[in-house]
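>>> Provided below for reference: sequence and predicted model.
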Amino acid sequence: MPGRVVADIGHGVVADVFPEELPVFAAVSSAYFDDPDRTLSGKDRNGGPLGFGLVEVTALMTPAVLWVVQVVLQHYTQPYIEKGADGLRSRAARLLRRRGKGVPGPDDVDAESLRALTPEQRAELRDVAVDAARRRGLSPEQAELIAEAIVHRIPGAGDEQGPPNRP
């Protein structure tokens, strides 16, 4: 499945922050991975609103959450591509072997490499998430909640504090 890691983390974020969207998460995430731009726009192929069996028409947060998770994981994998440090090179080589070819991407991130993040790196990923959410037009409060939930969902991050509280 494309975007498995993104979908797994995104599902946890939606469960924490927007649980009312859980019944449609599978359909929305599938549509997102088929055509992210269309899903993020909220429009179907004919320009009408996307329908996922919701009684009322609401702006779904799931596509934005998936997009933010993807941005965070792309930011995380970027050092594999740009830096030649020994530790990063060996991790990138392991990721490339696992994938078989190509440049490491968000789907190549595994729990072991995420656990290795320092508190500073976690804070950086949180800031990346807030920035990405704000660029998608989300409110500062929504951006903060999503960022906290993403960092909480990264294995080993914030295990002692639990998921963020909704306002």
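The structure has been received and is ready for your questions.

>>> Residue 7 belongs to a helix?
Yes. Assessed by DSSP: H, G, I helix; E, B strand; the rest coil, residue 7 belongs to a helix.

>>> Spell out which helix or strand contains the residue lying closest to it once chain neighbours are set aside, please.
Closest residue in space to residue 7, ignoring its immediate chain neighbours: residue 29 at 5.1 Å, by C-beta to C-beta, 6 or more residues apart in numbering. Backbone N, C-alpha and C define where each C-beta goes, glycine included. Counting by DSSP states H and E, the element that carries residue 29 is helix 25-34.

>>> tell me which strands and helices that helix is in contact with?
helix 4-17, helix 36-41, helix 62-82 (3 or more C-beta pairs under 8 Å, 6 or more residues apart in numbering; DSSP states H and E).

>>> what is the mean pLDDT for that helix?
When pLDDT is averaged along helix 25-34, the result is 89.

>>> one step back: settle this for me: the residue nearest to residue 7 is touching residue 66, isn't it.
Yes. With contact defined as C-beta atoms under 8 Å, residue 29 and residue 66 form a contacting pair (6.1 Å).

>>> Identify the contacts common to those two.
Listed as contacting both residue 29 and residue 66 by C-beta atoms under 8 Å, 6 or more residues apart in numbering are 3, 7, 10.

>>> And for residue 37, the neighbour number?
10 (other C-beta atoms under 10 Å).

>>> again, but for residue 8
14.

>>> cool, residue 143 as well?
The number of residues packed near residue 143 is 21, by other C-beta under 10 Å.

>>> Check residue 23 too.
Number of residues near residue 23 (other C-beta under 10 Å) recorded here: 12.

>>> go on, the one 5 residues further on?
Counted by other C-beta under 10 Å, the residues lying close to residue 28 total 23.

>>> now the angle between helix 4-17 and the helix holding residue 29, please.
140 degrees (axes from the mean of the first three to the mean of the last three C-alpha atoms, to 10 degrees).

>>> Numbering from 21 from now on, please.
Happy to do that; since the first residue is 21 now, the last one works out to helix 45-54.

>>> Go through helix 45-54 and flag the buried ones.
Judged by neighbour count (16 or more other C-beta atoms under 10 Å), helix 45-54 contains these buried residues: 45, 48-49, 51-53.
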